[in-house]
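Novice: This is a predicted model, with the sequence first.
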Amino acid sequence: MIINTSFDNNVNKENDTFNKLNTYKRKSERKRCVFINTYYKVFIQRFYDENPNLYNLPYESQKKILINQCFGDSDFYSTALTKTGWDCYDLIINIPDLQNSWAKENNFNGNFLEIAIEQIRQLNPDILFVQDIAPWKKELFDIVRPYAKIIVGQTASPVPVETYVKGFDILISSFPHYVERSRNHGITAYYQPLAFDPRVLNIIGFQEKKYLVTFIGSVSSMHSNATNLLETLSQSVPIDIWGYGGDSLNRNSPILKRHHGEAFGLKMFTLMAQSLITINRHIDAAENYANNMRLFEATGCGAMVITDYKDNLNDLFEIGKEIIAYRSPQECLEMVKYYCNNHNEALEIAKAGQARTIKDHNFDLRMKNYDEILSRHLRYKNESHLYQVPEIVSNGYELINPSNIAKNLTNAWKDSNIPLRQRGLVQYELELMYKGKTPDLYKSIARALYPYIYPGCSILEIGCSSGYYYEIIQYLLNTTINYTGVDYSETFIDMAKDFYPNACFKTADGDNLPFENESFYISISSCILLHVTNYKDHIRETARVAKKYVIAHRTPVHKIRPTIYYKKKAYGIFTVEINFNEKEFISEVISNNLKLIDIITINADEKNDLYDVTYVFEKL
């Protein structure tokens, strides 16, 4: 981290970088995303058989009619992402009649894959978003790579071994365990739950409840527990079943008497809306996590969902109020029987589940997250050449008497030259994180927060600099947070607002925070206490605004030696650094009605009795 460079000689270069960044922002055009979709062959064949003149229509007319069937992802992603300022295009690349119509209109000769590649080439997207990653082998990436800046893949099912997963710049999954496994292989991966598009309700209109109990989904080898569950229900309750895979069942299976064939798109949504109760179960690959589309489609359409219990289900819905969960086929059967005899209760749960989905699990909200993620990585790619990793971060340590600390040393971090220098280091560390080589410093804040954080949790970071922990916390903990950052440097806050427009930032001193008591569930003092001589006032304020937890992140301490004050250079600017005696420091913090509940050591130099530590405190 320490390479020798004179900061004082780099002022012109830094100003030039600022100008380039501002020029990039001014000239930035609307971003372009192309979604690569594939439809089930059985749906394609049936729809074209039922509409024999469809292939005679122009390409765009055919595509519009197909998309209006609301099959699969339809245009749910593209429509919602367009609202955030993107230009979006949907390609359905595995429908021969549709693709041949495009080729004819564009005077292009080639097979279906060559047509798709030509479409991508002509659209030249910033983001190529692949909804079905299974067919993507290395050879395909080699061909497409020149025509897209970033290639994103989405997966929520087992990935074939022949898929070249490392070809994707970003993987997005509703499987938290897939996300972790991808990161462990050096792939940038995000957890994003699936969603429902309320436009469907306007298309299908009001539907009477015609079916007491339904199941709409596949029966296959990937759902090993489904057959037993559905056979148990088929023998005991009036369940109606739709979906593919029925022909793979034993001919004596009781499911067949209840099975009505496939149901896709609008037909599927209509059946869900007509169901009082609908059964859900997850693919085996989901393991202990709730993730499938049916959770959101069925609740969104107003059916009461009885689903298999998963560890994260209560993060998505309130079990017992918005959704019902079972742990075995027999328990599911008992629940179905109960709610078949208690329609009003079922309707209340269905109503609450629908309200939750429309409020919290709609595509508009999801695509705001996607916009933030995709825009961020696109920006990092476009601006990567503008940032330099500082070769010296801290140096020139000199012992100093606390009474001799001039104000310029405690105000050093207001220097307008520091933010860009620090951001160069941040960009380097973020790149490591996205390659699965997360710095210990970042791991420590994730570990500190993990037991206590929840979706939408309110967090204040004091000393936020350019706000990068907003990005780190959400990425490493696979959640969204209600983040506020404060820093006394206006330059840092301006940079933070530019990098993270969806977060809240304020210019403020940590010893006089502009917030009411207990305004935030968690408050983080982020590597600031070591730079302020009135650290006791900072600790008091950090504790005052916290409702439940206080984190003193990245605190330098001695276990044996007393508290020591230094004068040093940070990013080339003279400042002060305090290395605390650990017992004294902890005693000061807990005197603010707090108790110590966790200690996370980031770095340990036992020989010199110096430790970098993150402390977690709970309010009494």
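Specialist: Great, that's in hand. Numbering: from 1, shown residues only.
Novice: all strands of the stretch 451-600 of the chain, in order?
Specialist: 457-462, 481-487, 504-507, 520-526, 546-558, 564-570, 573-581, 594-605 (DSSP state E, counting those that start in this stretch).
Novice: what mean pLDDT does the fifth one have?
Specialist: Read it as strand 546-558. Averaging the model's pLDDT scores along strand 546-558 yields 98.
Novice: What residues sit buried inside it?
Specialist: Neighbour-count burial for strand 546-558, counted by 16 or more other C-beta atoms under 10 Å, picks out 546, 549-558. Where you see a C-beta, it was placed from the backbone N, CA and C, and this is true even at glycine.
Novice: now those residues as a markdown table including distance to L194?
Specialist: Shown next, in a markdown table, are those (distance: C-beta to C-beta, whole Å):
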| residue | distance to L194 |
| --- | --- |
| A546 | 34 |
| Y549 | 31 |
| V550 | 35 |
| I551 | 32 |
| A552 | 38 |
| H553 | 33 |
| R554 | 36 |
| T555 | 40 |
| P556 | 44 |
| V557 | 45 |
| H558 | 50 |
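Novice: care to break the chain down by domain?
Specialist: 30-191, 199-361, 387-619 (automatic domain parsing).
Novice: Quick one: the strands of the stretch 451-600 of the chain as TSV, columns for distance to L449 too.
Specialist: Output for these, formatted as TSV (distance: least, C-beta to C-beta, whole Å):
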stretch	distance to L449
strand 457-462	8
strand 481-487	9
strand 504-507	18
strand 520-526	7
strand 546-558	7
strand 564-570	26
strand 573-581	22
strand 594-605	10
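Novice: which one of the domains of the chain lies closest to M367?
Specialist: domain 30-191 (3.7 Å; C-beta to C-beta).
Novice: Quick one: residues in contact with stretch 394-414.
Specialist: Outside stretch 394-414, the residues that touch it by C-beta atoms under 8 Å, 6 or more residues apart in numbering are 2, 418, 487-492, 531-533, 564-570, 573-577.
Novice: Run the chain-centre distance for that stretch.
Specialist: With C-alpha atoms, centre = their mean, to the nearest Å as the basis, stretch 394-414 stands 40 Å off its chain's centre.
Novice: Now it: average pLDDT?
Specialist: Mean predicted confidence for stretch 394-414 is 91.
Novice: Just the terminal-to-terminal distance for that stretch.
Specialist: 16 Å (C-alpha to C-alpha, to the nearest Å).
Novice: same question, stretch 148-157
Specialist: 25 Å.
Novice: cool, stretch 90-100 as well?
Specialist: OK, stretch 90-100 end separation, C-alpha to C-alpha: 16 Å.
Novice: what's the average pLDDT for that stretch?
Specialist: Computed over stretch 90-100, the mean pLDDT rounds to 96.
Novice: And that stretch, how far out from the chain middle?
Specialist: So, by C-alpha atoms, centre = their mean, the centroid of stretch 90-100 is 30 Å from its chain's centroid.
Novice: Where does pLDDT dip in the stretch 151-300 of the chain?
Specialist: 220-225 (pLDDT under 70).
Novice: Do a quick rundown of the helices in it.
Specialist: 176-184, 199-204, 226-234, 265-273, 293-301 (DSSP state H, counting those that start in this stretch).
Novice: For the shortest one, give me every contacting residue.
Specialist: Pointing back at helix 199-204 there. Counting by C-beta under 8 Å, 6+ apart, residues outside helix 199-204 touching it are 68, 70, 79, 266, 269-270, 273, 300-301.
Novice: what do you get for the fourth one?
Specialist: Applying C-beta under 8 Å, 6+ apart, the contact partners of helix 265-273 are 43, 69-72, 74, 200-201, 203-204, 207, 211, 214, 216, 242, 263, 278, 297-298, 301-303.
Novice: Mark which of those residues are buried, thanks.
Specialist: In the contacts of helix 265-273, the ones that pass as buried (16+ other C-beta under 10 Å) are 43, 69-72, 74, 200-201, 204, 207, 211, 214, 216, 242, 263, 278, 297-298, 301-303.
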